[in-house]
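Colleague: sequence below, structure please.
(2 chains)
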Amino acid sequence: MCDSCGCNITPGNQHLPQAGEAVEVLQGLLAENDHQAQHNRAHFDGHQVLTINLMSSPGSGKTALLEATIAQLKNRYRIAVIEGDLETENDAERIRAQGVAAIQITTGSACHLDAHMVHDALHKIDLDGIDLLFIENVGNLVCPASFDLGQHLNITLLSTTEGDDKPAKYPLIFRAADLVLLNKVDLLPLLDDFDPSKAEQNLRNLASDAPMLSLSARKGQGMSAWFDWLEKTLAQQLNNSPEVATVAHHHSHHG
Amino acid sequence: MHELSVCQGLLRQLVPWVEQHQGPLIQVRVRIGPLAGVEPGLLQAAFAIARQGTVAAQAELLIEHSPLRVRCNECEIESKVTANDLRCRHCGYQQTQLISGDELLLVSIQFSKESQHV
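Modeller: Sure thing, here's the model as predicted:
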């Protein structure tokens, strides 16, 4: 029994709180989602699957990054992808063309994935048959940051065409990142207003020590550092799943 | 605009509490920090729509704001900061721990003295 969910109220004592008095609850407003997220995480841990939530604004290159990553790693790791979009199966089809399973969640008007949507999608994936699951969240720098899906790690992608002040404008989603990928760096010579060191400073101002890697998924530039990070993280999950699982708790809400 | 989803979750969360108490629910108090990812004005607007036909149909939403404060990993002094600059205000150190400001909390609920039960 606890003091937070109401389980301490029994038929014997329920008359005690007097009508008219304030009843203290002190429970997270996303308790329902967080509970489902814990359940999802237990599934992933039970099947030794590393799950990564990929977030960015629309058009930053999330799907292109996944295409290049799958092409490189699919012979060594078994990979699946959950795709979140308001409409269309386009991204899932691009992933399937790489020869791996992709489940498309179309959210309709919802601007983010939540733990329940991911749980429904998990019923269509054989978790025993995979090592690595990517969840490509809905392209949006605001809402996805608030919903734990049960992932082990968050990656936030920032592309050079978006502006180097994005971490300052959207602190929540960049603070949540365990790794920040700066994509489309092949375009830097054409963009006189994007300074990668400013982008990194804006990230550091959020008290984040997440590594920031520069790459171009389309041109294959800087990809080896990203693959190294991913393979190191995968090895950790396979050898020591509880340790990886605690990383995500670091980002849970106060209170 | 995920405030509506947050609101719908809140309303479901209220149901077991309302079932355990007498009298209509008249007030729901929540606490929101600047780094909670929820816009208080939008939450208020979403609540006014979402409460219709629920256990909170007659309830007002009261929003408490929590301050954004960090503790420095280096000098251990606490400072009041802003959402996009969490560095220590005393020594400028980059690594700090958030001690308040990301709360998204259902604090308390209040029922009317006027009982529904006879």
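Colleague: so who does the closest residue to A:G129 other than its chain neighbours touch?
Modeller: Closest residue in space to A:G129, ignoring its immediate chain neighbours: A:R78 at 6.0 Å, by Cβ to Cβ, 6 or more residues apart in numbering or on different chains. Using the backbone N, CA and C atoms, a C-beta is placed for each residue, glycine as well. Neighbour list for A:R78: A:129-132 [criterion: Cβ atoms under 8 Å, 6 or more residues apart in numbering or on different chains].
Colleague: what ranges does chain B have for its helices?
Modeller: Taking DSSP state H as the criterion, chain B contains helices spanning B:3-19, B:40-50.
Colleague: starting at the chain centroid, how far to the last one?
Modeller: So the one you mean is helix B:40-50. Relative to its chain's centre, helix B:40-50 lies at 12 Å (Cα atoms, centre = their mean, to the nearest Å).
Colleague: what residues does it touch?
Modeller: For helix B:40-50, contacts defined as Cβ under 8 Å, 6+ apart pick out B:1, B:3-4, B:6-8, B:10-11, B:28, B:30, B:32, B:56, B:61, B:63, B:65.
Colleague: for ChimeraX, what selects the buried ones among those?
Modeller: Selecting the buried subset of these in ChimeraX, with 16 or more other Cβ atoms under 10 Å in any protein chain shown as the burial test, is done by:
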select /B:3,4,6,7,10,11,28,30,32,56,61,63
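Colleague: and the contacts of helix B:40-50, which is closest to B:E78?
Modeller: Proximity of the contacts of helix B:40-50 to B:E78 (Cβ to Cβ) peaks at B:H65, which lies at 17.9 Å.
Colleague: so where is chain B shaky, pLDDT-wise?
Modeller: Scanning chain B for pLDDT under 70 picks out the ranges B:1, B:114-118.
Colleague: and the stretch 1-150 of chain A, by the same measure?
Modeller: Within the stretch 1-150 of chain A, the stretches with pLDDT under 70 are A:1-19.
Colleague: any chance you could map the strands in it?
Modeller: For the stretch 1-150 of chain A, the strands defined by DSSP state E, counting those that start in this stretch occupy A:22-28, A:50-55, A:79-85, A:101-106, A:132-136.
Colleague: give me the sheet partners of the next helix or strand after the shortest one and which way each runs.
Modeller: Scanning the chain past strand A:132-136 towards its C-terminal end, the next helix or strand to appear is strand A:153-159 (assignment: DSSP states H and E). Next to strand A:153-159 in the sheet, as set by DSSP bridges, lie strand A:50-55 (parallel), strand A:179-183 (parallel).
Colleague: against A:I95, how distant is the residue nearest to the spatial centre of chain B?
Modeller: Chain B has B:R31 as the residue nearest its centroid, 2.9 Å off, counting by Cα atoms, centre = their mean. To A:I95, B:R31 is 40 Å away according to Cβ to Cβ, to the nearest Å.
Colleague: repeat that for A:A80.
Modeller: A:A80 is 9 Å from A:I95, by Cβ to Cβ.
Colleague: swap in A:L234?
Modeller: Distance, A:L234 to A:I95, by Cβ to Cβ: 18 Å.
Colleague: quick one: the strands in chain B?
Modeller: B:25-32, B:60-65, B:69-72, B:78-80, B:96-100, B:104-111 (DSSP state E).
Colleague: so which bits of the stretch 151-255 of chain A are right by chain B?
Modeller: For the stretch 151-255 of chain A, the residues in contact with chain B (Cβ under 8 Å from any Cβ of the partner chain) are A:167-169, A:171-172, A:175, A:202, A:204-207, A:209, A:253-255.
Colleague: wait, A:D114 sits on A:E32?
Modeller: No. A:D114 is beyond contact range of A:E32, at 9.2 Å (criterion: Cβ atoms under 8 Å).
Colleague: looking at these two now, which is surrounded by more residues?
Modeller: A count of neighbours by other Cβ atoms under 10 Å in any protein chain shown puts A:D114 above the other of A:D114 and A:E32, at 25 against 18.
Colleague: leaving out chain neighbours, which residue sits closest to the more buried one?
Modeller: Nearest non-adjacent residue to A:D114, counting by Cβ to Cβ, 6+ apart: A:F147, 4.7 Å away.
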